[in-house]
Every structure is written in C-alpha cells, then in structure tokens.
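A.B. asks: fold the following for me, if possible:
(one chain, ligands or ions: 1)
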Amino acid sequence: MATQPPPAPPGPAELPPVSRAGAWLQAAAALLWLPQAGCLAWALQRLADGGGLAQAWAPASGVVLFGLLRSALDAAGARGSFRAARRHLTALRDRATAALAQRSPLDAARPASGLAASVLAEQAESLVPFLSRFEPARLRVMVVMPAILAAVAPLSWLAALALLLAAPLIPLFMALIGWRAESASRAHLVELGGMNAFLLDRLRGLATVRAMGAVEATARRLRASADQLRQRVMAVLRIAFLSSAVLELFAALGVATVAVYTGLHLLGQFDTGTWGGRLSLGQGLFVLLLAPAFFEPLRDLSAAWHDRAAGQAALASLAALADDGVPLPGGAGSPAADALPVHHPRPPAVEVHGLRFRHARAATDVLRGFDLHVAPGEHLALVGPSGSGKSTLLALIAGLVPADAGSIAIGGQALTSADAAALRRRIAWIGQATHLFAGTVQANIALGRPGIGAARVAQALDIAALRHVAQAHAATPLGEGGVGLSGGEALRLAIARAAADPAADLLLVDEPTAHLDRATADEVTERLLMLAQGRTLIVATHDPVLAARLDRAVPLHDTSVEGSTA
Ligand SMILES: Nc1ncnc2c1ncn2[C@@H]1O[C@H](COP(=O)(O)OP(=O)(O)OP(=O)(O)O)[C@@H](O)[C@H]1O
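C.D. replies: Numbering: from 1, shown residues only. The predicted structure follows:
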C-alpha cells in the first residue's frame, strides 16, 4: 500500500521570498548610514569652517531624514523577516506533524511522545531567530561591508587596509567557534528531548512507578538528566561568550587602528595613507564614523551565530521527526480521512486472503498465508495463545499497518492505502487500554466528532449502562487518563464511544474482558453484544465465556512454525 508523501515545505537553504525582501530592506537601511555619516561629517566641517548654523542646516536635515528613513526600512525589514520565519516554521511543523500522524501506531520506532512534543513545541522555536536574524545579518555582511570599504578606500587606502585586515580574522575565528557551538547545541537539544521523553513516560506510568517502589530511582535518574542538561547549557553559553569576546577584540583593534591613524593624520603627525593630499576634518570624521559601522554587520552576525547553531540543530531534529517509519495506510493528508461517513444499508463482510505480515525488525512472520471469511453481521472470536497475532490481525483489518502480502476486503471494498481512511470510518476499535481524556463522560464519548450530538451520546450511555456514572461525574469531570473510573466503566465508556457513531458497523475489539472479575466481565460482554446487534463483530479474546457467546471462534496458531488458516 503506497502512502502519499506530505507536501515538502521550502528547505532551509531556500529562504521564503518575503524573508529575502525583509533581509534586503534591512541591508538597505544599514547602507543608508553612508549618506547619513556623510551629512554628519559635512555639517561638522561647515561648523568648523566657521559657516555657522545657517551653513550646517542643509546637511543636518540630511542626517535627520536619512535617520528616519533608516529606522523605517529597518523596522519594515525586521517585521518581514520575522513573519516569513514564522511561516516557514509553521510549514516545517506541519510537515513533521503530518509525518508523525502518518506513522502506524504499531511502529515501535515511532519517536517518544515527550521527545516529539519537545521538538515540535520548544526546540522548533529556535528556527525563528535563525531565519529572522542570522540570514539578514549574513546578507548585511555581504553587502554593507564591501560598500563601506568602497567608500573609505578613495579617501584613505591605509584606513581601508586596516579594516580589510581586521575583518577576515573575525569570520575565521567565528567559524572555528561556530563549529563547536553547533555540536554543543545539538547535544543540548538531544539532552532536552531525552529528558522530556523520560519525564512524560514516567508521568504516564506514575501509578506503576509508585507500585514498584521506583519513585526514588526515577527521581535520581531525573536529577541526573537535569544535571546533564545544566552542563550542556553551560557549554553552549561558554561558547557563546567566547565568540563574543573574539569578535569584540578584533573589532576593537580594527576601530582603534583607524581612530589612531585618523587622529594622527589630522594632527599632521602621520601624512601617509591617502592618495596624495591630506584628509580634511570632514573626510577624517567620515572615515571615523564608518569604522565601527564596518564591524556592525559582523557583530550582528556574531549575535545571531548561536541562533544559527540552535536553528540548524532544530532543523535536524524536525527532519528526524519527519523520517519515514512504518506507514499508516491512508494516514493524515488523505482527503478521504476528512470525508463525512457514509451510512451503509447492511454491515460489512470481511474477507482476508493469503495474508502475510511481519513486524518491523522482527525475525519471524506473525501471520503467514492467513485466510478468513466473516459474514455480514457475524460475531466472531479470534482465539489462540498469547503472541499468536490476534491483536496484529485486528490492526491489519483496521488498516493501521500495511500487510506484506495478501488482501483484505471490507464490505467488498479492497483495503488499500487510498481507501483505508474511508473504510476506517465504518470501523470502531475497542482496544485493551482505553485512552480517556480529562473532562466529562459525555465529552469522552462524543470526542468532538461531527454529527454526534447530545441525543446520540445519551443513547450510547444507555447501551453501555453508563447513565448513572455520567451523572455521578457531572460535577467532577474525569481526571487525566480516566482517573475516577473503574476498569469495567472505562471499557463500557469505550463501548459507548463506538455506540455513538452510527457509521461504525464493523467492531474490532481487543480483549475486552481481560483483567476484569467475572461479574464485571459478564456485564461488559452483555453491553458489547447489545452494541454488536446489526453490526459485524470481531473480538480477540482469551475469555471462553465471551467466545462461547459469539457465533464462531477462529483459532490462531504460532505461524513462526507453520501456516495458519481458518
Ligand atoms: N508493534 C509491534 N512491533 C513489533 N512486534 C510486535 C508489535 N506488536 C506485537 N508484536 C509481536 O507480534 C507478535 C504477536 O503479537 P500480538 O499482540 O498480535 O499477539 P496476541 O495474540 O494479540 O497476544 P495477546 O493475546 O497476548 O494479546 C508477538 O510476538 C509480539 O511480540
């Protein structure tokens, strides 16, 4: 079954066009310092020449006008870059989320939920400063620095030479440091994701952790993780401080050289360095004003250098989330997934022919040459020893994982990647562990599904005999993970979820009575059979009492030894 790949967003190298426009606006703003500094030097020259305020008025207005224009362009450019960066991040997040949603729930290599949440919600944010600050800063380095050199060189080749010699040392050292920064950032993000995954996993299993007396061990492991994380953060910060120190050192040396040279030159102590004549006060000031501005783009780039390291590490983490795993046939992105359910006049037959399946990274097939026929409306039990593949067969029929060979048809329609999402609309799945959300019993039944209103939920409550439970929890909604319900009640809530959906006429149920006492198991069985009236039912079970209440039982064998057919 082929799955459709999600639409690819623009790669990191190809910045969105608006971001380029923003970066160019910011570069143009930085370039305006040239005429602004020129006007400033000109105004001061006129004042020094004794021209008075009347003479300095025109260049002084130039300083103000260019200043205003610079601020406006810079603000517009920064806004454009930021918005484009956010759009780009949204596209990457969508892609990673779609890729995660397209992975089969049976894929054991799926990223841990805590890790995925950490990457998507937290680490991905590092992309915004990278795209909105680093890329524009890089453009300014490429445009503004040569422009300033070109403006200084005709006045003083020596000042231009001093700038030219100081500048390349900075990127050289920054590149060396940046290389370390990137690996430190990546290590930091890996540590952060690992800690989040661990924390979420243990929070989910808090009851087990307590029951096993492992609270102290878990706390110790968490403390060790937090300590590792602290060390990684410190390593990243150390590198960030080191890179700023290198930059400031070389920038200060460059500016100081130009300042000392210009000062001595204006005082008449050092005549060389120009193309013949001596610099005027205005020309000297112009060179002096441009010297710090020459290093400004590098300073911005350095400030954003850490953003680049964090941004590239976040890009790698997002790309890892978007990795292909075992695909969910007809997963997210399939138009059929959003289609409204179709009501069928009769429940479906299920035909399975020559089915072969092996879990990813498993050594043997779970099912080999497996055949099964379930008539419309038939109630069937799948029985067999633990590990014989009952749950796997249910997952294959639900289209949760693609088969390696053979075919499955539901209601005469072949289960293919293209049709899986539409076929799942008529399937209700009642698993071994019902996932319950914090909220009311009614909200847990409706699950926000379109077309399932209060009347349907009330009907479903009756089928599952849950009305009194819903009333008891009207004032105190269920806690996270269904805290407040017994095991039997949680199962009946799963039955009510299936009952609320009129389009679900094929019920796939995985060990509904496991871990329940006989009386509760019998009640769940009754409710399940009531729900299954007029529907096709396939139940994987070890419970002989439940199996005896169904039309037929099909045994599954250990197919790693021999083929199994029914
Ligand atoms: N997601 C998975 N990834 C890899 N192997 C799996 C996965 N799920 C199950 N298996 C393996 O596949 C085999 C069949 O498992 P399955 O859960 O289908 O058996 P079962 O008959 O339902 O067992 P039980 O009665 O204990 O629930 C087992 O050997 C199991 O270890």
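
A.B. asks: what's the worst-scoring helix or strand of the chain on mean pLDDT packed up against?
C.D. replies: The weakest-scoring helix or strand in the chain, judged by mean pLDDT, DSSP states H and E, is helix 157-204 (a mean of 76). Packing partners of helix 157-204 (3 or more CB pairs under 8 Å, 6 or more residues apart in numbering; DSSP states H and E): helix 113-117, helix 135-152, helix 215-266, helix 281-321. In short, each C-beta sits where N, CA and C put it, glycine included.

A.B. asks: check which element follows it along the chain.
C.D. replies: Next in sequence after helix 157-204, counting helices and strands by DSSP states H and E, comes helix 206-211.

A.B. asks: and that next one, how far from the chain's centre?
C.D. replies: Put simply, helix 206-211 sits 30 Å off its chain's centre (CA atoms, centre = their mean, to the nearest Å).

A.B. asks: sort out which residues of that helix are buried, please.
C.D. replies: residue 209 (16 or more other CB atoms under 10 Å).

A.B. asks: quick thing: my sequence starts at 56, can you match it?
C.D. replies: All set: I'll call the first residue 56, so the last point we hit is now helix 261-266.

A.B. asks: contact partners of that helix?
C.D. replies: 257, 270, 273 (CB atoms under 8 Å, 6 or more residues apart in numbering).

A.B. asks: okay, now the residue in the stretch 256-405 of the chain that the ligand sits nearest to: neighbour count?
C.D. replies: Residue nearest to the ligand within the stretch 256-405 of the chain (CB to the nearest ligand atom): residue 381, separated by 8.5 Å. As a burial measure, residue 381 scores 19 neighbours (other CB atoms under 10 Å).

A.B. asks: go ahead and confirm it touches residue 161.
C.D. replies: Yes - if you go by CB atoms under 8 Å, residue 381 and residue 161 touch, sitting 6.6 Å apart.

A.B. asks: what's stretch 163-181 in contact with?
C.D. replies: With contact meaning CB under 8 Å, 6+ apart, stretch 163-181 is reached by 144, 147-148, 151-152, 155, 158, 244, 247-249, 251-256, 362, 365-366, 368-369, 372-373, 375-376, 380-381, 414-416.

A.B. asks: okay, how far is it across it, tip to tip?
C.D. replies: 29 Å (CA to CA, to the nearest Å).

A.B. asks: what's the answer for stretch 417-430, then?
C.D. replies: Counting by CA to CA, you get 32 Å between the two ends of stretch 417-430.

A.B. asks: do that stretch and the ligand come into contact?
C.D. replies: Yes - for stretch 417-430, a contact with the ligand is found by CB under 6 Å from any ligand atom, at 417, 421.

A.B. asks: what pLDDT, on average, does that stretch get?
C.D. replies: When pLDDT is averaged over stretch 417-430, the result is 91.

A.B. asks: what do you get for stretch 465-478?
C.D. replies: For stretch 465-478, the mean confidence score works out to 88.

A.B. asks: ok, residue 155 to residue 522 distance?
C.D. replies: In this structure, residue 155 and residue 522 are 37 Å apart, going by CB to CB, to the nearest Å.

A.B. asks: neighbour count: those two, which is higher?
C.D. replies: residue 155 (21 against 12).

A.B. asks: report all helices and strands that the host helix or strand of the more buried one contacts.
C.D. replies: Using DSSP H and E, residue 155 falls within helix 107-156. Under the contact criterion of 3+ CB pairs under 8 Å, 6+ apart, helix 107-156 touches helix 72-86, helix 88-103, helix 182-184, helix 190-207, helix 336-376.

A.B. asks: 6 Å instead, please
C.D. replies: Packing partners of helix 107-156 (3 or more CB pairs under 6 Å, 6 or more residues apart in numbering; DSSP states H and E): helix 72-86, helix 88-103, helix 182-184, helix 336-376.

A.B. asks: other SSEs contacting the helix or strand just after the longest one?
C.D. replies: Next helix or strand after helix 336-376 toward the C-terminus (DSSP H and E): strand 405-412. The helices and strands touching strand 405-412, judged by 3+ CB pairs under 6 Å, 6+ apart, are strand 422-429, strand 460-465.

A.B. asks: deepest of these, which one?
C.D. replies: strand 422-429 (a mean of 20; mean count of other CB atoms under 10 Å).
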